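1. sequence and predicted structure, then a few things I'm wondering about:
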Amino acid sequence: MLFHLAILITLLSLLAFGGANAIVPELHRQVVDVMGAMSDADFTNLFALAQTAPGPNVLILPLVGWRLAGAAGLAVATAATVVPTSTLALLTGRILSRAGESRFLKALRAGLVPLAIGLILASGFVLARAADRDALSVAITVLGAFALVLSRINPIWLMAAAAAAGVAGRLMSP
């Protein structure tokens, strides 16, 4: 399990264009659908915990390692998240500082932006599908997404309103 976890997390962390949220759909597919190691609800709860903790969004990866293999899984997932990407960033930075800015690098950077946006949107879709279990949850998700896209409201206020609506809806239901 630890070896499989190390390979999975290493590959995903190297593909995290746009941040850790961009790899959530594939992480979800691997641990929920392929491995059957946890349920949608477990995965969604780990993601929520990773988002509420201070620090980078990449905390989802060590939390999944912890859930799958305890403290050893946490250590392996953390190392598999940090070591390969840090090494790649260091080597790439050294090469680019010597090579300078080329047309190829500008084109590569321009092509990675839409890729990152698409991966992040896919993450939102996967998490909404896993978390929305009833009509109220779906309505809160859809209204929150529209409010976020169409207004300049701070997301913290949207989250507070969604939490209040969820609590009120649960208290009113029989």
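-> Cool, the structure landed. Numbering: from 1, shown residues only.
2. may I ask which helix or strand of the chain has the lowest mean pLDDT?
-> Within the chain, confidence by mean pLDDT, DSSP states H and E is lowest for helix 103-131 among all helices and strands, at a mean of 81.
3. in this protein, which residue is closest to the centre?
-> Within the chain, the residue whose C-alpha comes closest to the C-alpha centroid is N21; the distance, by Cα atoms, centre = their mean, is 2.5 Å.
4. and the least confident helix or strand of the chain, what's buried?
-> Residues 119-120, 122-123, 126-128, 130-131 are the ones in helix 103-131 that count as buried (16 or more other Cβ atoms under 10 Å). Every residue, glycine included, has its C-beta placed from N, CA and C.
5. so where's this protein shaky on pLDDT?
-> 18 (pLDDT under 70).
6. repeat that with 50
-> When the per-residue scores of the chain are filtered using pLDDT under 50, no range remains.
7. on that earlier part again, quick check: closest non-adjacent residue to the residue nearest to the centre of the chain.
-> Closest residue in space to N21, ignoring its immediate chain neighbours: S123 at 4.8 Å, by Cβ to Cβ, 6 or more residues apart in numbering.
8. returning to what we had before: and the residue nearest to the centre of the chain, backbone torsions?
-> Torsion angles at N21 (phi, psi; degrees, to the nearest 10) stand at phi -60, psi -20.
9. so what's it up against?
-> Residues in contact with N21 (Cβ atoms under 8 Å, 6 or more residues apart in numbering) are 57, 119-120, 123.
10. nearest to H28 among those residues?
-> S123 (8.5 Å; Cβ to Cβ).
11. wouldn't that closest one be in contact with P25 here?
-> Yes: using Cβ atoms under 8 Å, S123 makes contact with P25 at a distance of 5.6 Å.
12. can you show me the helices along the protein?
-> For the chain, the helices defined by DSSP state H cover 2-14, 24-28, 40-52, 60-99, 103-131, 135-150, 155-172.
13. the ones you listed into a markdown table, with extra columns for distance to V34?
-> Formatted as a markdown table, these follow (distance: least, Cβ to Cβ, whole Å):
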| stretch | distance to V34 |
| --- | --- |
| helix 2-14 | 10 |
| helix 24-28 | 10 |
| helix 40-52 | 13 |
| helix 60-99 | 13 |
| helix 103-131 | 14 |
| helix 135-150 | 25 |
| helix 155-172 | 31 |
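14. deepest of those helices, which one?
-> Across the helices of the chain, averaging neighbours per residue (mean count of other Cβ atoms under 10 Å) puts helix 24-28 on top, at a mean of 22.
15. what's the neighbour count on G55?
-> Each residue near G55 was counted by other Cβ atoms under 10 Å, and the total is 7.
16. any idea how far L63 is from it?
-> Computed as Cβ to Cβ, to the nearest Å, the G55 to L63 distance reads 12 Å.
17. sweet, I'm off.
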